[in-house]
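S.K.: requesting a structural model of the entry that follows:
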Amino acid sequence: MANGGLKLEVSRLHKLDGTGATKAFCDLSVLDSIVIKGLRVVEGEKGLFVGMPSEEGKDGKWYATIIPLKREVKNEIERVVLEAYGG
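M.R.: Model prediction:
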């Protein structure tokens, strides 16, 4: 981030073959202290974006398990992950 307060690093990236919308899965290290597993690189209508980890609820709907509260953090996660993906 611009203030240098958040250190993010992709610790694992697995690219997928095929024609599906999900192009890769990755894990993200935060401050060398915690790992967020299961982020997805997805091809959407407007290009690549990063999907946060989610789990299926009892109602069959999918719910995010990690939610960035600040736009700057979300943007930085997306930048770091897409840079590691190569897009």
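
S.K.: and the most centrally placed residue in the chain, helix, strand or coil?
M.R.: Against the mean C-alpha coordinate of the chain, by CA atoms, centre = their mean, the closest residue is Leu39 at 3.6 Å. Secondary structure state of Leu39, per DSSP: H, G, I helix; E, B strand; the rest coil, is strand.

S.K.: you'd agree it is up against Asp27?
M.R.: Yes - in this structure, Leu39 sits in contact with Asp27. The criterion is CB atoms under 8 Å, and the distance is 7.2 Å. Glycine gets a C-beta too; all of them are placed from N, C-alpha and C.

S.K.: so what's the residue nearest to the centre of the chain closest to, chain neighbours aside?
M.R.: Cys26 (5.1 Å; CB to CB, 6 or more residues apart in numbering).

S.K.: got the contact list for the closest residue to Glu56 other than its chain neighbours?
M.R.: Of all residues not flanking Glu56 in the chain, Trp62 sits nearest, at 5.5 Å (CB to CB, 6+ apart). If you count contacts by CB atoms under 8 Å, 6 or more residues apart in numbering, Trp62 has them with Ser54, Glu55, Glu56.

S.K.: need the contact list for Gly57.
M.R.: Taking CB under 8 Å, 6+ apart as the definition, contacts of Gly57 comprise Tyr63.

S.K.: that one and Leu48, how far apart?
M.R.: Note on Gly57: its distance to Leu48, by CB to CB, to the nearest Å, is 27 Å.
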